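Asker: got a sequence here, can you build the structure:
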Amino acid sequence: MDAQAGGTAKSTILFFLCGGASHIDMWDLKPKAPQEYRGPFNPISTTAPGVTLCEHLPLLATQAHHLALLNSVAGTVNTNDHHGGYYHNLTGHAPDPSFVTLGNNRTPFPDDWPFMGSVVASRRSGGGDLPNAMTLPHKPSKAPYTRPGQFAARLGVEYDPLYLNGSVEKPLEFHAPALVLEADVDAGRLLDRRQLLDTVDAARRDFEHDAQVRTWSRQQERAVSLLSSSKTTAAFDVASEPAELRARYGETVNGMSLLLARRLVEAGVPFVTVFWKENEQLNSKCKSAGGWDTHGNNFGCLKDYLLPEFDRGFSALIEDLSERGLLDETLLMVTSEMGRKPKIGDPRSGGVSGAGRDHWTHCLTDVLAGGGIRGGQTYGASDKFAEWPDANVVSPADVTRTVYHAMGVHDLEEIDSDGRRYNLLADSRPIVSLF
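Answerer: Numbers count the residues shown, from 1 in each chain. Have a look, this model is predicted:
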């Protein structure tokens, strides 16, 4: 394949399983490994010969002919924790030493490497009513521990994603907190205020050569365009979808976020990120903050809660896009900040008796579908315990570069504030054999 040809994706939907999803229990099961590694789950056959999935992903097994499983992602970070794992898998860059010295107090920095969605957004021309990058249904994690890696950073705030908020309690409702009009302000009054703002701005145009002022002006334009557009609210309205389709996705905040992602792709948004929204009611059951960080009761939490919701929602997204003829032009990616430690037993949850799996950034599985990806394949392999990548080893940088390749993004050259040229992802290669 021509290295510059790329895939067929016009949009990407990134589904990020917050907390660290267990690769050995979902995608890369080791039925011949000792019990203390493999756990109780069994692999099942799928619609793709030779591709197996966890027995608790039966709906996704019917869509496996669309999937490419990358079982050899070497995602080691210097902290083996969430902050570093987010950054590595969202930007393609290994964390710098500040992640070690600051730990969870390591906030996003202005000179961080940019989020892959922001890179795509910066390479796509505008023209639609919606931003080029959107993220929902939350911004991980709770302030002040906001995860680095999900912002445009050194590319400039104008390429930050627009965040939409959703909730476990009201899964059909999404809104952009920065774009909610006051109760006494309608679209007409907004435009009146904009005319006044234009008058004030006219008095300061001599200062428009300043880069920060120009950036602020672009942000103003984006906000006013979104607030005054009827298409904005229409795109967010998942309640208008047929009840049968909503049920197919599952009327949870994560299921409806995937349905909204499909609507945003239809509206022309190039990059949509869905960060799995934790259900805090699961925290005490899984020692997990309600997500995929299953330090305790790993198998019960996966079987009873996490896998059924994921299976329903993600399989529905693939099926829905395929039936609408949108899968070839939409790249889907599932990843997480880490896998789980293959040897069962986390000291923080009672050791072996707690049946948890600890952090494990050293090996994880990424899943790709659509966008020119050849489905029904497994790329690479881990060792016999799923501890370390063993064949066709790839890095998060290579996976990120593959997303750019699928989107036809090949120009990764930038110029810093001192006029020096640099590459946004120099040490990487797209996995062209996937296409």
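Asker: within the helices and strands, which one has residue 256?
Answerer: Element membership for residue 256 (DSSP states H and E) is helix 253-266.
Asker: distance from that helix to the middle of the chain?
Answerer: 13 Å (CA atoms, centre = their mean, to the nearest Å).
Asker: buried residues in that helix?
Answerer: Within helix 253-266, the residues that count as buried by 16 or more other CB atoms under 10 Å are 253-265. Where C-beta positions appear, they are placed from N, C-alpha and C, glycine not excepted.
Asker: tell me the mean pLDDT for it?
Answerer: For helix 253-266, the mean per-residue pLDDT is 97.
Asker: repeat that for stretch 232-248.
Answerer: Computed over stretch 232-248, the average pLDDT equals 92.
Asker: residues making contact with it?
Answerer: Residues outside stretch 232-248 that contact it (CB atoms under 8 Å, 6 or more residues apart in numbering): 129-130, 164, 172, 174-175, 179, 226, 255-256, 259-260, 263-264, 267, 312, 316, 319-320.
Asker: cool, stretch 300-315 as well?
Answerer: 15, 17, 21-22, 25-26, 41, 54, 56-60, 62-63, 248-250, 252, 254-255, 258, 276, 279, 282, 285-286, 288, 291-292, 294, 334, 355.
Asker: picking up where we left off before, for the buried residues of helix 253-266, which one is nearest residue 32?
Answerer: Proximity of these to residue 32 (CB to CB) peaks at residue 254, which lies at 32.8 Å.
Asker: quick one: contacts for the closest one?
Answerer: 137, 274, 276, 277, 309, 310, 313.
Asker: so the nearest residue to the fourth one once chain neighbours are set aside versus residue 169, what's the distance?
Answerer: Nearest in space to residue 277, with sequence neighbours left out and distances taken as CB to CB, 6 or more residues apart in numbering, is residue 253 at 4.7 Å. Relative to residue 169, residue 253 is positioned 8 Å away (criterion: CB to CB, to the nearest Å).
Asker: before we move on, what about residue 128?
Answerer: 31 Å.
Asker: higher neighbour count, these two?
Answerer: Neighbours per residue, other CB atoms under 10 Å: of residue 128 and residue 169, the larger number sits with residue 128, 16 against 7.
Asker: and the pLDDT for the residue lying closest to residue 51 once chain neighbours are set aside?
Answerer: Nearest non-adjacent residue to residue 51, counting by CB to CB, 6+ apart: residue 64, 5.0 Å away. Residue 64 carries a pLDDT value of 98.
Asker: surely residue 64 and residue 48 touch.
Answerer: Yes. If you go by CB atoms under 8 Å, residue 64 and residue 48 touch, sitting 4.2 Å apart.
Asker: need the residues touching each of the two.
Answerer: Common neighbours of residue 64 and residue 48 (CB under 8 Å, 6+ apart) are 375, 376.
Asker: give me the more crowded residue out of these two.
Answerer: It is residue 64, of residue 64 and residue 48, that has more neighbours when counted by other CB under 10 Å, with 27 against 20.
Asker: OK, contacts around the more buried one?
Answerer: Contacts of residue 64 (CB under 8 Å, 6+ apart): 46, 47, 48, 51, 53, 375, 376.
Asker: for these, pick the one with the most neighbours.
Answerer: residue 53 (24 neighbours).
Asker: nearest spatial neighbour of that one, chain-adjacent residues omitted?
Answerer: residue 61 is the one closest to residue 53 (CB to CB, 6+ apart), at 5.2 Å.
Asker: again with residue 399
Answerer: Nearest non-adjacent residue to residue 399 (CB to CB, 6+ apart): residue 366, at 5.3 Å.
Asker: roughly how far apart are that neighbour and residue 94?
Answerer: Going from residue 366 to residue 94 by CB to CB gives 16 Å.
Asker: neighbour-wise, which of these two wins?
Answerer: In this view residue 366 and residue 94 are compared by other CB under 10 Å, and residue 366 has more residues nearby, 26 against 18.
Asker: now do the SS call for the more buried one.
Answerer: With DSSP: H, G, I helix; E, B strand; the rest coil as the basis, residue 366 sits in strand.
Asker: I figured it hits residue 334, correct?
Answerer: Yes. Residue 366 lies in contact with residue 334 (CB under 8 Å); the separation is 6.8 Å.
Asker: which residues touch stretch 320-328?
Answerer: 8, 66, 245, 248-249, 259, 262, 265-266, 318, 330, 332, 369-372.
Asker: just the terminal-to-terminal distance for it.
Answerer: 12 Å (CA to CA, to the nearest Å).
Asker: now do the buried residues in it.
Answerer: 320, 321, 322, 326, 327, 328.
Asker: beta-bridge partners for residue 162, please?
Answerer: On the basis of DSSP bridges, residue 162 is bridged to residue 134.
Asker: so it makes contact with residue 175?
Answerer: No. The pair residue 162 and residue 175 does not pass the contact test of CB under 8 Å, sitting 11.2 Å apart.
Asker: of these two, who's got more company?
Answerer: Comparing residue 162 with residue 175 by other CB under 10 Å, the one with more neighbours is residue 162, at 20 against 14.
Asker: so for the closest residue in space to residue 42 that isn't next to it in sequence, what's the pLDDT?
Answerer: Spatial nearest neighbour of residue 42, excluding adjacent residues (CB to CB, 6+ apart): residue 55 at 4.9 Å. Looking at residue 55, its pLDDT stands at 98.
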